[in-house]
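**Student:** 3D, please:
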Amino acid sequence: MMVVINGVAHPVAEGATIADAVSAAGSHPGERGIAAALDGRVVARAEWAVTRVHEGAEIEVVRATAGG
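**Tutor:** This next block holds a predicted model:
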């Protein structure tokens with residue numbers, strides 16, 4: 001199935017979760033400073049492994065960075 005992660009279409013397996021999408025975006029789900037949203041709704045990290053994505057889902061994965 002296809003989902004959109006950070007504006008780019010990605011194939012993911014049926015039954016994929018937000019944790020899978022975070023990995024597909026190039027981040028590790030256990031990494032600190034990562035946030036994810038599904039169809040415009042922030043998903044709590046504790047729910048990543050159980051929140052399934054659907055065909056055409058729009059997922060945003062963001063990483064906090066420090067700088068000056």
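**Student:** contacts and neighbour counts: CA atoms only from here.
**Tutor:** Fine.
**Student:** would you map the helices across the chain?
**Tutor:** Remark: helices assigned in the chain by DSSP state H are 18-24.
**Student:** shaky segments in it?
**Tutor:** Within the chain, the segments meeting pLDDT under 70 span 68.
**Student:** again, only using 90
**Tutor:** 24-32, 63-68 (pLDDT under 90).
**Student:** report how many residues lie close to residue 9.
**Tutor:** 13 (other C-alpha atoms under 10 Å).
**Student:** for residue 29, same thing?
**Tutor:** So residue 29, with other C-alpha under 10 Å, has 18 neighbours.
**Student:** for it, what are its contacts?
**Tutor:** Contact analysis of residue 29 by C-alpha atoms under 8 Å, 6 or more residues apart in numbering lists 19, 22-23.
**Student:** residues of stretch 21-30 that come out buried?
**Tutor:** Neighbour-count burial for stretch 21-30 flags 21-22, 25, 27, 29 (criterion: 16 or more other C-alpha atoms under 10 Å).
**Student:** for stretch 39-54, same thing?
**Tutor:** Neighbour-count burial for stretch 39-54 [16+ other C-alpha under 10 Å]: 45, 48, 51-54.
**Student:** start to end distance for that stretch?
**Tutor:** This stretch, stretch 39-54, spans 10 Å end to end (C-alpha to C-alpha, to the nearest Å).
**Student:** run through who's touching that stretch.
**Tutor:** Residues outside stretch 39-54 that contact it (C-alpha under 8 Å, 6+ apart) are 1, 3, 15-20, 35-38, 57-60.
**Student:** which ones are touching residue 3?
**Tutor:** 9-12, 53-59.
**Student:** coming back round to it: and the buried residues of stretch 39-54, which is closest to residue 66?
**Tutor:** residue 45 (20.6 Å; C-alpha to C-alpha).
**Student:** quick one: that closest one from residue 54, how far?
**Tutor:** 18 Å.
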